[in-house]
Each structure stands twice: as C-alpha cells, then as structure tokens.
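Asks: Make a model of this:
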Amino acid sequence: MGDIGNFVFSEQRKHRRARESYDVELLREIIA
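Replies: This is a model prediction of the structure:
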C-alpha cells in the first residue's frame, strides 16, 4: 500500500509540475 501510494503521489507531482510549466509557456505566448 505504501509503495503504491508513494508512486501515485510522485506521478501526480510530476504531472502537476508539467502542467505548471505548460501554463507558464501559455502565458508567455499570450503576453508576447
């Protein structure tokens, strides 16, 4: 259970970080 929970948590963090960088790129496009 713990290993699966850690795996899911790390995956969610990776996706969140990717989405944040994507949002920043989107903002740069809008501002530029």
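Asks: does the residue nearest the centre of the chain sit in a helix or strand, and which one?
Replies: The geometric centre of the chain, computed from its C-alpha atoms, lies nearest to residue 16 (Cα atoms, centre = their mean), at 2.0 Å. For residue 16, the host element (DSSP states H and E) is helix 2-31.
Asks: Would you mind listing the residues in contact with residue 29?
Replies: With contacts defined as Cβ atoms under 8 Å, 6 or more residues apart in numbering, residue 29 has no neighbours. C-beta coordinates here come from the backbone N, C-alpha and C atoms, glycine included.
Asks: on that earlier part again, average pLDDT across the helix holding residue 16?
Replies: Across helix 2-31, the average pLDDT comes to 85.
Asks: Now find how far off-centre it is within its chain.
Replies: Mean C-alpha position of helix 2-31 versus that of the full chain (Cα atoms, centre = their mean, to the nearest Å) differs by 0 Å.
Asks: The chain should start at 33 in everything you say after this.
Replies: With the count now opening at 33, the last piece we talked about shows up as helix 34-63.
Asks: buried set for it?
Replies: Of the residues in helix 34-63, none is buried under the neighbour-count criterion (16 or more other Cβ atoms under 10 Å).
Asks: Return the distance of stretch 53-64 from the chain's centre.
Replies: 15 Å.
Asks: This completes my enquiry, with thanks.
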